[in-house]
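Asker: Need coordinates for the following:
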Amino acid sequence: MVDGQKKMEELAITIMHNILEYLAVSEEEMKWLGSPGVASNALQLNSYPLCPDPNRAIGLAPHTDTSLFTILHQRISGLQIFKGVGWGLVQPVTGALVVNVGDLLHILSNARFPSVVHRVVMKEAKQRFSVAFFYSPPADFNLDPLGLSFGQIPLYRSVTVAEYVGRKAKDLEKALASIRI
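Answerer: The predicted model follows:
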């Protein structure tokens with residue numbers, strides 16, 4: 001594993017540990033977290049070519065990420081998140097990273113951390129690069145809503161990561177709804 005990817009994995013483990021602590025998840029339920037080579041992750045380099053008329057192009061259609069979350073580095077604006085009534089631009093901040101919550105964390109948190117609908121638009125007439133690090137539990141990991149308080153009802157049925165990924169591949173927009181109780 002390259003050094004940069006190793007650092008991203010260490011950051012992802014720290015973020016996930018903090019989220020699970022916030023959700024009051026027991027150490028036993030966290031045992032998969034931080035085990036060497038257990039989590040599934042991917043480092044993706046994105047290049048959006050120069051576009052002479054950025055108002056006539058879209059870089060990436062609206063979607064949610066399947067992963068627990070995605071850590072993103074961007075230097076040129078273009079990332080937008082859907083805020084319920086419209087799209088909001090996520091301005092790049094020097095030295096900062098963006099963390100987008102994905103579907104797997106949405107399920108694990110019983111929707112307390114909702115998936116972020118986002119897209120990339122071409123806002124400037126120059127080439128845009130970004131680096132995305134997707135962090136997920138292993139494919140055979142069983143997703144159950146965690147950290148439920150007494151009497152709180154789970155919103156999603158139990159599903160493995162592999163099963164959910166398969167559902168999302170078949171129907172991108174209805175995968176979460178298909179496992180809702």
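Asker: Please count neighbours and contacts with C-alpha atoms only from this point.
Answerer: Will do.
Asker: can you pull the contacts of T64?
Answerer: G102, D103, S115, V116, V117, H118 (Cα atoms under 8 Å, 6 or more residues apart in numbering).
Asker: From those, pick the one nearest L155.
Answerer: D103 (13.1 Å; Cα to Cα).
Asker: Please report the distance of that closest one from I71.
Answerer: 14 Å (Cα to Cα, to the nearest Å).
Asker: Sketch out the helices for this protein, chain order is fine.
Answerer: 3-22, 103-108, 161-170, 175-178 (DSSP state H).
Asker: most tightly surrounded among those?
Answerer: With neighbours taken as mean count of other Cα atoms under 10 Å, the helices of the chain reach their highest mean count in helix 103-108, at a mean of 26.
Asker: list the helices and strands that helix packs on?
Answerer: strand 69-74, strand 142-143 (3 or more Cα pairs under 8 Å, 6 or more residues apart in numbering; DSSP states H and E).
Asker: Outside of that helix itself, which residues are in contact with it?
Answerer: So helix 103-108 is in contact with 64-69, 111-115, 136, 143-146, 156, 161, 176, going by Cα under 8 Å, 6+ apart.
Asker: Which entries within those meet the buried criterion?
Answerer: Buried members of the contacts of helix 103-108, scored by 16 or more other Cα atoms under 10 Å, are 64-69, 111, 113-115, 136, 143-146, 156, 161, 176.
Asker: Just put the helices and strands packed on helix 103-108 in JSON lines and tack on mean pLDDT and distance to G4.
Answerer: Formatted as JSON lines, the helices and strands packed on helix 103-108 follow (pLDDT from 0 to 100; distance: least, Cα to Cα, whole Å):
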{"stretch": "strand 69-74", "mean pLDDT": "93", "distance to G4": "12"}
{"stretch": "strand 142-143", "mean pLDDT": "90", "distance to G4": "28"}
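Asker: now these as CSV including distance to I58?
Answerer: Shown next, in CSV, are these (distance: least, Cα to Cα, whole Å):
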stretch, distance to I58
strand 69-74, 16
strand 142-143, 33
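Asker: how much space is there between the residue lying closest to A24 once chain neighbours are set aside and S67?
Answerer: For A24, ignoring the flanking residues on the chain, the nearest one in space by Cα to Cα, 6 or more residues apart in numbering is G147 at 5.2 Å. With distances taken as Cα to Cα, G147 is found 19 Å from S67.
Asker: ok so, going back, my understanding was that the residue nearest to A24 contacts V25; is that so?
Answerer: Yes: assessed by Cα atoms under 8 Å, G147 is found in contact with V25 at 4.9 Å.
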